[in-house]
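# Kindly generate the corresponding structure for this input.
(chains A and B)
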Amino acid sequence: NAGVTQTPKFQVLKTGQSMTLQCAQDMNHNSMYWYRQDPGMGLRLIYYSASEGTTDKGEVPNGYNVSRLNKREFSLRLESAAPSQTSVYFCASSVQGYGEAFFGQGTRLTVV
Amino acid sequence: DQQVKQNSPSLSVQEGRISILNCDYTNSMFDYFLWYKKYPAEGPTFLISISSIKDKNEDGRFTVFLNKSAKHLSLHIVPSQPGDSAVYFCAASGDSGAGSYQLTFGKGTKLSVIP
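So this is what the prediction gives:
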């Protein structure tokens, strides 16, 4: 079982470039999330999708957009990357949002 | 404002002894609490959870205690093993409106188990 798959695993962007981080889960989960992890800051929620067709802002949504393409896929887009967006990004999913969430392996993004 | 707080950034414990990791929360709407373990270059993995209707949950060497009146939970690892060395995140969940739930994480505690 693949679980939660994120692509790419590593990415270097120049300031102002755009990119989309992809996430797919094969567990038939309803809820999906995007987090970022920065040193000393823990995991902070960027956006989440409680169910297919809905998305909501989390704690740190500025500079990001998301798309819940279908039940399996939830993408995160950086329209104009900034050095402050250098971070490790994690996608996660859960059955209903209440309870255990399963995480992907992460995407390490560097914006220069 | 941090709703889930892990005030100890790091903890060192001798192999075989007990590790106690602490977590405090401020939001009274939280009713489900989880601990995650994270190794470098990997995603967090679920370790153990507890519902607000309980005050203790045990799974092998891992026990989580919940004190609702103090808004405090702790993770006990007994006996600690070198393979337990990782960053441990406390997380809390509650209805953020219209039946929508999301996990709020603490900043993590880095546990080092010394052989």
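
# Over to the residue nearest in space to the middle of chain A. Which of the three states is it?
By CA atoms, centre = their mean, chain A has its centre lying nearest to residue A:34, at 2.9 Å. Following DSSP: H, G, I helix; E, B strand; the rest coil, residue A:34 is assigned to strand.

# ditto for residue A:84
helix.

# is it true that residue A:55 touches residue A:48?
Yes. The pair residue A:55 / residue A:48 is scored as a contact, 7.3 Å apart, by CB atoms under 8 Å. All C-beta atoms are positioned from the backbone trio N, CA, C, and that covers glycine.

# Next, see if the helix or strand bottoming out on mean pLDDT in chain B gets close to chain A.
Taking mean pLDDT, DSSP states H and E as the measure, chain B has strand B:101-105 as its least confident helix or strand, at a mean of 84. Yes. Applying CB under 8 Å from any CB of the partner chain, one finds strand B:101-105 touching chain A at B:101, B:102, B:103, B:104, B:105.

# ok, now stretch B:40-56?
Yes. Stretch B:40-56 is in contact with chain A by CB under 8 Å from any CB, via B:41, B:42, B:43, B:44, B:45, B:46, B:49.

# Please spell out the ChimeraX selection for the buried subset of these.
To isolate the buried members of the residues of stretch B:40-56 next to chain A in ChimeraX, using 16 or more other CB atoms under 10 Å in any protein chain shown:
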select /B:43,44,46,49
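
# For chain A, state which of the residues of stretch B:40-56 next to chain A is nearest.
Chain A has its nearest neighbour among the residues of stretch B:40-56 next to chain A in residue B:43, at 3.5 Å by CB to the nearest CB.

# and chain A, which residues reach chain B?
For chain A, the residues in contact with chain B (CB under 8 Å from any CB) are A:4, A:31, A:33, A:35, A:40-45, A:48, A:50, A:56, A:58-59, A:90, A:92, A:94, A:96-106.

# Any of the residues you listed buried? List them.
Neighbour-count burial (16+ other CB under 10 Å) applied to the residues of chain A next to chain B gives A:4, A:31, A:33, A:35, A:42-45, A:48, A:50, A:56, A:58, A:90, A:92, A:94, A:97-106.

# Filter the residues you listed down to the ones in strands?
A:4, A:31, A:33, A:35, A:42-45, A:48, A:56, A:90, A:92, A:94, A:102-103 (DSSP state E).

# Based on its surroundings, how many neighbours for residue 62?
Went with chain A since none was named. Counted with other CB atoms under 10 Å in any protein chain shown, residues neighbouring residue A:62 total 9.

# actually chain B
With other CB under 10 Å as criterion, residue B:62 counts 17.
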